[in-house]
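Asks: no sequence on this one, just coordinates:
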Ligand code: OGA
Ligand code: NI
């Protein structure tokens, strides 16, 4: 099925309806998301910065995160080389079957009464842990891919745990609380996003507006190429790449676990004319069998539960059934006020 994955040109199936176009002139020019230095000791001031970022932005960048720079570069090189393979070779991984562990695919937008519009990107998704169970499923070409991922996954695993403990403490909870709530067997998937050069970035989108459905995302982006944008107070803010930083964002599950205190915020990726862009998202989510709901310690008379509990599998099912539309998923689990 060497279909779909071929060099793209701006044919009508990539052009989004007028009301969904990015309007790139309307980006807040000076605004940016918070930058947090993780070299700092765990003090109340660091926790305060994190919880403020989680409440007000749902996004922040971290510097001095401790994952070796060379390793970050190595995994970005592996991903770049994968997207540089001849399209026929990558197409081996192309599938629309959502149950496949490893899949290359496109996202699309569906609007009432219109043909579906394909997003200006190619996405490659696969598990990142436990390494031994999935390495053999990953590309053999480029040769760097499997080893770079195995090493990166190990480092990111440690880093994610550290981050979850900081976020837990930022909520005033025990440092293990969030990690424990998501069980010993979390759903850990990676998604490499490739945004080719686009002749007219005003007409299309790399990724449509969405929130991440998982709990936590750690993203690396191509140096020097901007594309990610985040909503803040109703305006789009660009997340400019900072050398050796990660972009961290909270997903829907942390919004629910925190009973709405920490936010899973709408974001999108736009394209550009001069540089292809690559990003690598590492997702941390609960196991499909885990039950997710507001953490009891965060509930009292003043803070009644905003969401009902659900099995994560139930959330995923609702999510996939809304494929291509403006996804409204966590709202389905809100309790009546
Ligand atoms: C994502 C995402 C943004 C980017 O993968 O969920 O939002 O900058 N990516 O590629
Ligand atoms: Ni996202």
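Replies: Received the coordinates, thanks. Computed from a prediction, not measured in an experiment: that's the story for all the values here. Ligands and ions are numbered 1, 2, ... in the order given.
Asks: Next to ligand 1 in this structure, residues from the chain, please.
Replies: 191, 193, 207, 212, 221, 227, 228, 267, 269, 279, 281 (Cβ under 6 Å from any ligand atom). Just so you know, the C-beta spots here come from the backbone N, C-alpha and C atoms, and that holds for glycine as well.
Asks: Quickly list what the third one is bridged to.
Replies: Right, residue 207. Applying DSSP bridges to residue 207 gives these bridge partners: residue 269.
Asks: rewinding a little: can you tell me which two in the residues of the chain next to ligand 1 are farthest apart?
Replies: 212 and 227 (16.0 Å; Cβ to Cβ).
Asks: quick one, which of the two is more surrounded?
Replies: Shown here are residue 212 and residue 227; by other Cβ atoms under 10 Å, residue 227 has more neighbours (25 against 22).
Asks: That one against residue 273, yeah?
Replies: No: between residue 227 and residue 273 there is no contact under Cβ atoms under 8 Å: 11.9 Å.
Asks: So what does the closest residue to ligand 1 within the stretch 51-200 of the chain look like in phi/psi?
Replies: Residue nearest to ligand 1 within the stretch 51-200 of the chain (Cβ to the nearest ligand atom): residue 193, separated by 4.1 Å. Backbone torsions for residue 193, taken as degrees, to the nearest 10, come to phi -110, psi 130.
Asks: what's the answer for residue 20, then?
Replies: phi -110, psi 10.
Asks: how deep is the residue of the stretch 51-200 of the chain closest to ligand 1 tucked in, by neighbour count?
Replies: Other residues lying near residue 193 total 25 when counted by other Cβ under 10 Å.
Asks: for it, what are its contacts?
Replies: By Cβ atoms under 8 Å, 6 or more residues apart in numbering, residue 193 lies in contact with 121, 122, 123, 206, 207, 269, 278, 279, 280, 281.
Asks: what about the longest helix in this structure?
Replies: For the chain, the longest helix by residue count, based on DSSP state H, is helix 144-170.
Asks: List the buried residues for that one?
Replies: Using 16 or more other Cβ atoms under 10 Å as the test for burial, helix 144-170 gives 144-146, 148-153, 155-157, 159-160, 163-170.
Asks: So for it, mean pLDDT?
Replies: The average pLDDT within helix 144-170 is 97.
Asks: Distance check, residue 182 against residue 176.
Replies: Distance, residue 182 to residue 176, using Cβ to Cβ, to the nearest Å: 11 Å.
Asks: what about those two, which has more around it?
Replies: residue 182 (24 against 12).
Asks: The more buried one contacts residue 291, correct?
Replies: No: taking Cβ under 8 Å as the definition, residue 182 is not a contact partner of residue 291, at 10.5 Å.
Asks: Would you mind grabbing the residues shared as contacts by these two?
Replies: Between them, residue 182 and residue 291 share no contacting residue under Cβ under 8 Å, 6+ apart.
Asks: All the strands of the stretch 151-300 of the chain, in order from the start?
Replies: 187-195, 207-210, 216-221, 228-232, 235-238, 246-250, 267-269, 277-285, 291-292 (DSSP state E, counting those that start in this stretch).
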